[in-house]
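Student: the following block contains a protein sequence and its predicted model.
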Amino acid sequence: MANNLAIVLVHGFWGNSGHWAKAIPLLNARGYSTLFAVENPLTSLQDDAERTRKMVAQHDGPVLLVGHSYGGAVITEMGDMPNVAGLVYIAAFAPDAGESPGSISQALAPAGIDSLAPDSDGYLWIRQDAFHANFCPDLTAEEGLVMAVTQKAPLASTFGDAITAPAWRAKPCWYQISDDDRMINPENQRMMAARMNPRKTINLASSHASLASQPEAVANLIAEAAAAVG
């Protein structure tokens, strides 16, 4: 059934669709050829949820949503669409109703919070000189440099956008925890994973950028979820 199932990959803050570059060929090699990577504007949760809804609506068959980082909040907000068959969270926010990524982070701050810097237009960046050490220390310095320079900053106000009705309460879920994450506190990840009662949780000794530093393990989890819902 792999050829009928679409996998939609959703990036997070300071990322872009290219962050899935290592996982995409691995999923394709497993027979999942209907793959889409959404490019979200990161201007508000509603804007990003709507962009992802439009992508999902292009596919007539079942869809597996995969969210990294803030992308987890996006799939939580819009993942109740009828053809969404499951949700996979990769070191991701999975807020409950009334919660936001900001409120979760304020309750238990990540180690890399001091690397964030706002600009005069209201966007929030990871300082380039701090990006590698905080976002992706398990990648090469060259890869970290490219991610730092090409990072897509969110409007800072997006951090405060709250979830209305969390899709993880109604859809089967999978969760990958990054034990060495400096951008979402691993304790927050464990809390969010535990309360959603996922079909499976895996722990990786990885940074926030597990989708790039451990793409094999991430692709394996996505493929396992795809097989279960497909």
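Tutor: Okay, I see it.
Student: list the contacts of residue 185.
Tutor: 105, 108, 109, 110, 111 (CB atoms under 8 Å, 6 or more residues apart in numbering). Heads up, the C-betas are built off the backbone N, CA and C, glycines and all.
Student: among the residues you listed, which lie within helices?
Tutor: residue 105 (DSSP state H).
Student: nearest to residue 218 among the contacts of residue 185?
Tutor: Nearest to residue 218 among these is residue 110, at 19.7 Å by CB to CB.
Student: burial of that closest one, as a residue count?
Tutor: Counted by other CB atoms under 10 Å, the residues lying close to residue 110 total 19.
Student: any idea how far residue 176 is from the nearest residue to it once chain neighbours are set aside?
Tutor: Nearest non-adjacent residue to residue 110, counting by CB to CB, 6 or more residues apart in numbering: residue 185, 4.7 Å away. Distance, residue 185 to residue 176, by CB to CB, to the nearest Å: 15 Å.
Student: just residue 122 next, same as before
Tutor: Separation of residue 122 from residue 176 (CB to CB): 31 Å.
Student: comparing the two, which residue is more hemmed in?
Tutor: Using other CB under 10 Å, the more surrounded residue of residue 122 and residue 176 is residue 176, with 28 against 13.
Student: and the contacts of residue 185, which of them are buried?
Tutor: 105, 110 (16 or more other CB atoms under 10 Å).
Student: next, residue 24: secondary structure please.
Tutor: What DSSP: H, G, I helix; E, B strand; the rest coil gives for residue 24 is helix.
Student: spit out the contact partners of it.
Tutor: Contacts of residue 24 (CB under 8 Å, 6+ apart): 9, 35, 37.
Student: Throw these into JSON lines and include pLDDT, neighbour count and distance to residue 156, thanks.
Tutor: As requested, these are exported to JSON lines (pLDDT from 0 to 100; neighbours: other CB atoms under 10 Å; distance: CB to CB, whole Å):
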{"residue": "9", "pLDDT": "98", "neighbour count": "25", "distance to residue 156": "24"}
{"residue": "35", "pLDDT": "97", "neighbour count": "16", "distance to residue 156": "31"}
{"residue": "37", "pLDDT": "98", "neighbour count": "19", "distance to residue 156": "24"}
